[in-house]
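1. got a predicted structure here, sequence first:
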Amino acid sequence: MRATHDTNKMHILDAARPLIESKGFSALGLAQILQAADIPKGSFYHYFASKEDFGRAVLDRYFDNYALRLDELFKHSELPAFDCLMNYFAQWTQAQAGDGEGDKCLVVKLAAEVADLSQSMRESLRLGTDEVIKRLADCIAVGQQDGSVGRHLEAGQTAQALYQLWLGASLLSKLRLDDSALQDALALTREQLAPKAQSPQ
């Protein structure tokens, strides 16, 4: 019974996510959620106490899936860590610059909108982004061990700076309607992570 409950809840969250990526959270009405998930109104409130509770659950599921994706990219690859990191940011560029709404970053889409609107959603975003940065830092540290990432870097600070860079570049890409900021971020990331050439003795 519990498995059915969880499956139904995940179905609602997955059905609604494309709508949130397209419309944002505030503009999304309950009727649209019900239509997308093909459920009656009573079923929604069986799984979620409120729209805010639903929004927090969407974010939690988003970050759970995001963590699995990062583990696949960083931990289950035979590539050097530098290549894993660059592949990740190249995929970010492709997703944010693409014409479709699928696979857009919910942090970029929702952070400014919900930070003042909902304490629980803001906290979900904060915890989720902290976990992303931690995984980036872990991969940078692995790259320093395998020699593909510069040993002069402090892994945690570098991961945080890069994540902030990419969030900003994603916002600029939305304003400019092109990928120039993302391409600049990609070049800067490559330069930042690469090992520094040793000076001749």
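-> Yep, it's here. Residues are numbered from 1 along each chain as shown.
2. which residue is nearest the middle of the chain?
-> Taking C-alpha atoms, centre = their mean, the centroid of the chain lies closest to Cys105, which sits 4.9 Å from it.
3. which residues does it contact?
-> Neighbouring residues of Cys105 by C-beta atoms under 8 Å, 6 or more residues apart in numbering: 92, 95-96, 167, 170. (Each C-beta comes from the backbone N, C-alpha and C, glycine too.)
4. swap in 7 Å and give it another go.
-> Listed by C-beta atoms under 7 Å, 6 or more residues apart in numbering, the contact set of Cys105 reads 96, 170.
5. now do the SS call for Leu153.
-> coil (DSSP: H, G, I helix; E, B strand; the rest coil).
6. what about the closest residue to it other than its chain neighbours, which SS state?
-> Spatial nearest neighbour of Leu153, chain neighbours left out: Ile140 (6.6 Å); criterion: C-beta to C-beta, 6 or more residues apart in numbering. Counting by three-state DSSP, the backbone at Ile140 sits in helix.
7. my guess is Ile140 meets Gln157, correct?
-> No. Using C-beta atoms under 7 Å, Ile140 is not in contact with Gln157; the gap is 9.8 Å.
8. out of those two, which sits in the busier spot?
-> Ranked by neighbour count (other C-beta atoms under 10 Å), Ile140 and Gln157 place Ile140 first, with 27 against 11.
9. which residues touch the helix or strand Tyr45 falls within?
-> If you go by DSSP states H and E, Tyr45 is part of helix 41-47. For helix 41-47, the surrounding residues in contact (C-beta under 7 Å, 6+ apart) are 8-9, 12, 30, 33-34.
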